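K.L.:
Here's a sequence, model it:
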Amino acid sequence: MSSQKISAAILTYNSEKQIDKVLEKLYWCDEIIILDSFSNDKTIEICKKYTSQIFQNKFEGFGAQKKLLMTKCKNEWIISIDSDEVLSDDLIANILKLTHNDFKNNSGFLINRKHIFLNKQFLYGKESRSWILRLFNKNKGGVTDNIVHEGIQVTGNISKVKGPLFHYTIYELKEAIHKMDYYAFLKANEYFNKRKKCTWIKLYVTFPFTFFREYFLNLNFLNAYEGYIWSYLVAQGASLKYYYLKEMYNFKNN
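P.N.:
Numbering: from 1, shown residues only. Here you go, the predicted model:
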């Protein structure tokens, strides 16, 4: 058992593909809290096998949704896990080895997330090297307001805990395209609400610049075909958000 009581916090929406694997690796947590955005598949049915603390709320952005989720957690320490992320046994073992002083002297812990796309684990690129803040003291910080790509910020010392967190992003290409388009629209809406402008440079330069960065500079060309597709979709999503933003301003002005 951990020297510190920890709440596991998870957002779900139509997560039946992975949620079983996710939840079975959270057996060591003091509680598991689910906030669902009214799934219409078997997500809730699967979650009930692991916890009774399941809440539902209309989705209004990842930042707002995750902030609400955190208020449902009774413990000071929270591990925030996405519904497609699976803790490795090594990661669990190393979290359980953390001492009372480790928790006392830190506000949060970074975890190494491993990227799996179209059933391929990326061995190269920034996705395979990313350390993200997922285990944290809620009294020392919280979730950012971003509609998409929200994060966790804390004040105080942050350390690392070893062991991979496997991120099973996408299984099918059509799912990847849909997700890319959806996230681009959400990001455009966030920019529009913040009154950010869309320039012609962003419209025309974002795609080639982002693809070059992801495919060559971030070494995704070493991840074979899947690395190419990933780089293309990242670039497409980055540029598409500006096209959506342009449409929003055009609609407003007409």
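K.L.:
give me the element Phe109 is part of.
P.N.:
Counting by DSSP states H and E, the secondary-structure element that holds Phe109 is strand 108-117.
K.L.:
Can you name every helix or strand that that strand contacts?
P.N.:
Helices and strands touching strand 108-117, as assessed by 3 or more Cβ pairs under 8 Å, 6 or more residues apart in numbering; DSSP states H and E, comprise helix 126-129, strand 131-137, strand 158-170, helix 224-253. Every C-beta, even on glycine, is put in place using the N, C-alpha and C of the backbone.
K.L.:
What are the contacting residues of the helix or strand of the chain with the lowest mean pLDDT?
P.N.:
Within the chain, no helix or strand scores below helix 126-129, which has a mean of 89 by mean pLDDT, DSSP states H and E. Residues lying outside helix 126-129 but in contact with it, judged by Cβ atoms under 8 Å, 6 or more residues apart in numbering, are 112-115, 117, 121-122, 167, 218, 230.
K.L.:
residues making contact with the strand holding Phe109?
P.N.:
Outside strand 108-117, the residues that reach it (Cβ under 8 Å, 6+ apart) are 85, 91, 95, 98, 121-122, 125, 127-137, 140-141, 152, 154, 156, 158-170, 176, 226, 229-230.
K.L.:
Which residue ranges make up the domains of this protein?
P.N.:
6-170, 173-253 (automatic domain parsing).
K.L.:
so can I have a markdown table of these showing mean neighbour count?
P.N.:
Written out in a markdown table, the entries for the domains of the chain read as follows (neighbours: other Cβ atoms under 10 Å):
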| stretch | mean neighbour count |
| --- | --- |
| domain 6-170 | 18 |
| domain 173-253 | 16 |
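K.L.:
Can you classify Lys74 by secondary structure?
P.N.:
coil (DSSP: H, G, I helix; E, B strand; the rest coil).
K.L.:
and what of the one 4 residues further on?
P.N.:
Using three-state DSSP, the secondary structure recorded for Ile78 is strand.
K.L.:
again, but for Phe38
P.N.:
Taking three-state DSSP as the rule, one finds Phe38 in the coil state.
K.L.:
confidence score at it?
P.N.:
Per-residue pLDDT puts Phe38 at 98.
K.L.:
Give me the residues contacting the strand or helix carrying Lys187.
P.N.:
Here Lys187, judged by DSSP H and E, is contained in helix 173-193. Counting by Cβ under 8 Å, 6+ apart, the neighbours of helix 173-193 from elsewhere in the structure are 61, 117-118, 146-149, 169-170, 198, 229, 233-234, 236-238, 240-245, 248-249.
K.L.:
That helix: how far from the chain's middle?
P.N.:
14 Å (Cα atoms, centre = their mean, to the nearest Å).
K.L.:
Give me the angle between that helix and strand 158-170.
P.N.:
Orientation note: helix 173-193 sits at an angle of 120 degrees relative to strand 158-170 (axes from the mean of the first three to the mean of the last three Cα atoms, to 10 degrees).
K.L.:
avg pLDDT for helix 173-193?
P.N.:
Across helix 173-193, the average pLDDT comes to 95.
K.L.:
Check which helices and strands the following helix or strand past that helix is in contact with.
P.N.:
For helix 173-193, the succeeding helix or strand toward the C-terminus, using DSSP H and E, is helix 200-212. Other elements packing on helix 200-212 under the criterion 3+ Cβ pairs under 8 Å, 6+ apart are helix 224-253.
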